[in-house]
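Visitor: the sequence and its predicted three-dimensional model are supplied below.
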Amino acid sequence: MMCGAPSAVQPATAETQDIADQVKPQLEEKENQKFPVFKAMSYKSQVVAGTNYFIKVDVGEEKCIHLRVFKSLPHENKPLALSAYQTNKAKHDELAYF
């Protein structure tokens with residue numbers, strides 16, 4: 001993969017679900033609501049000075065949320081950060097850079 005260019009959309013993996021689960025409390029705090037359903041469906045990644053993950057998450061009731069999560073370089077030893085998110089997405093909405 002080229003540095004800076006997002007990857008193609010891929011099916012979510014156990015690692016993708018783990019990343020989504022780790023930032024779920026940040027999202028719930030920002031949205032002031034709990035998400036009983038929180039299933040990663042697909043993702044893209046982008047190598048920068050660390051890695052951006054764009055993750056499509058099923059939150060139930062035919063709704064999705066798109067997350068942008070930043071994972072710093074290992075030597076920085078920082079937690080995952082929810083950089084941005086988009087609500088009111090449908091399952092058929094394309095996971096795009098934002």
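Guide: Nice, thanks for sending it over. All figures in this text were calculated on a predicted structure; none of them were measured in a lab.
Visitor: which residue of this protein sits farthest from its center?
Guide: Distance from the C-alpha centroid of the chain, by CA atoms, centre = their mean, peaks at His75 (21.8 Å).
Visitor: isn't there a helix covering that residue?
Guide: Yes. Assigned with DSSP: H, G, I helix; E, B strand; the rest coil, His75 falls within a helix.
Visitor: is Lys91 in a helix, a strand, or coil?
Guide: Here Lys91 takes the coil state, with states given by three-state DSSP.
Visitor: how close does it get to Gln22?
Guide: 23 Å (CB to CB, to the nearest Å). Where C-beta positions appear, they are placed from N, C-alpha and C, glycine not excepted.
Visitor: next one: Val59
Guide: From Val59 to Gln22 the distance is 16 Å (CB to CB).
Visitor: out of the two, which sits in the more crowded spot?
Guide: Neighbour totals were compared for Val59 and Gln22, and Val59 leads with 19 against 15 (other CB atoms under 10 Å).
Visitor: now the strands for the chain?
Guide: Assigned by DSSP state E, the strands in the chain fall at 10-11, 39-48, 50-60, 63-71, 81-89.
Visitor: out of these, which is closest to Glu31?
Guide: Closest approach to Glu31 among the strands of the chain is made by strand 81-89 (7.2 Å; CB to CB).
Visitor: quick one: strands adjacent to the closest one?
Guide: According to DSSP bridges, strand 81-89 forms sheet pairs with strand 63-71 (antiparallel).
Visitor: next, count neighbours for Ala96.
Guide: Ala96 is flanked by 11 other residues according to other CB under 10 Å.
Visitor: what of Ile19?
Guide: 22.
Visitor: quick one on the thing from earlier: so can I have JSON lines of the strands of the chain showing mean pLDDT?
Guide: Putting those into JSON lines (pLDDT from 0 to 100) gives the following:
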{"stretch": "strand 10-11", "mean pLDDT": "94"}
{"stretch": "strand 39-48", "mean pLDDT": "94"}
{"stretch": "strand 50-60", "mean pLDDT": "95"}
{"stretch": "strand 63-71", "mean pLDDT": "96"}
{"stretch": "strand 81-89", "mean pLDDT": "94"}
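Visitor: okay then, goodbye and thanks.
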